[in-house]
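Enquirer: Build me a model from this:
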Amino acid sequence: MTEQIQAGCEGWDAQGSGDRASTTVVLFHGFTANPTGVNPIARPLNDAGYAVRVVRFPGHGSTVNDFRRTRYDDWKQAGTQAVEAAAAASGKVVIVGHSMGATVGLDIASSRGDVAGIAVINPLVQERSDPLAKAAPMLQWVLPLLPRDLAGLPTSDIAKPNVEESAYGVVPSKASVSLLKQLPRLRSQLLDLTVPVLVLTSPQDHTVGPHNSDILAELLGSDDVTRVACARSYHVPQIDWDADLVIDSIVGFVEKVHAA
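Expert: Sure, this is the predicted structure:
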């Protein structure tokens, strides 16, 4: 499928420098978003010497028509290919994922042996319990596209004034349901995830409830789990008031994994 990728929304990669070039950080953006959502993390990591691969999931950063033809398996395949390429090119691989990108990252990291650590920002691991979410499997056949607010995704979930996330204004129902269907399986395999994990959580997240991070921490098989609260930010703290905290925490986490 040929996609009409929007300018600035492309995936990209960059080589590292010095000793840290032996570690590659693979970054995954969120649902309806695109690489611009994780670029503020990727660039400081690369400046610190790490190789980086920023993944653009199929259908994202393109057009809604492209997006509505994609499913969770397409996004996971793109993420897996990036991790495999990184593992072949460097000594260590660390995943960084935001929201749905964290879900995909956890799925990959818990089912493979070539990921040395993972940092997640407001990860989605639990289905919503509201009536609309419960009706989603049926509604997908009646309402193929939903406005963000009606789908439970606020148009803006950033506390800092005059800052916007580049994301679609509508949500393809079938693509959304394909993600939700994977969550029970993901939770069942989190015990297999034993590498170091960094969990960054916004207590005032209106898109992915902060209880998702609590559930994740309880289910992980890792005995090296670090939690950081982004108390001043909403769903996208890497471009919100806590951007410096997010970047410093992730750079420090990657350094710990690199040096181990």
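Enquirer: Got the phi and psi for the nearest residue in space to D74 that is not next to it in sequence?
Expert: Setting aside the residues directly before and after it, D74 is nearest to P58 in space (C-beta to C-beta, 6 or more residues apart in numbering), at 4.4 Å. Using the backbone N, CA and C atoms, a C-beta is placed for each residue, glycine as well. Dihedral angles of P58 (phi, psi; degrees, to the nearest 10) stand at phi -50, psi 140.
Enquirer: And for stretch 40-52, what's in contact with it?
Expert: Stretch 40-52 has contacts (C-beta atoms under 8 Å, 6 or more residues apart in numbering) with 13-21, 23-27, 35, 54, 86, 89-90, 96, 238-239, 243, 246-247, 250-251, 254-255, 258.
Enquirer: just the buried members of those?
Expert: 13-14, 16, 20, 23-27, 35, 54, 86, 89-90, 96, 238-239, 243, 246-247, 250-251, 254-255, 258 (16 or more other C-beta atoms under 10 Å).
Enquirer: Can you tell me which of the residues you listed end up in helices?
Expert: 86, 89, 243, 246-247, 250-251, 254-255, 258 (DSSP state H).
Enquirer: Now tabulate the residues you listed in a markdown table and tack on distance to H211 and pLDDT.
Expert: Shown next, in a markdown table, are these (distance: C-beta to C-beta, whole Å; pLDDT from 0 to 100):
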| residue | distance to H211 | pLDDT |
| --- | --- | --- |
| A86 | 31 | 96 |
| A89 | 37 | 88 |
| A243 | 24 | 98 |
| V246 | 20 | 98 |
| I247 | 25 | 98 |
| I250 | 22 | 98 |
| V251 | 27 | 98 |
| V254 | 27 | 98 |
| E255 | 30 | 98 |
| H258 | 31 | 97 |
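Enquirer: Among those, list the two that are farthest apart in space.
Expert: Greatest spatial distance among these (C-beta to C-beta): A89 and A243, at 28.6 Å.
Enquirer: low-confidence ranges in this structure?
Expert: 1, 129-144 (pLDDT under 70).
Enquirer: The residue positioned nearest the centre of it and P44: what is the separation?
Expert: Centrality entry for the chain: nearest residue to the mean C-alpha point is G101, 2.0 Å, by C-alpha atoms, centre = their mean. For G101, the distance to P44 equals 17 Å [C-beta to C-beta, to the nearest Å].
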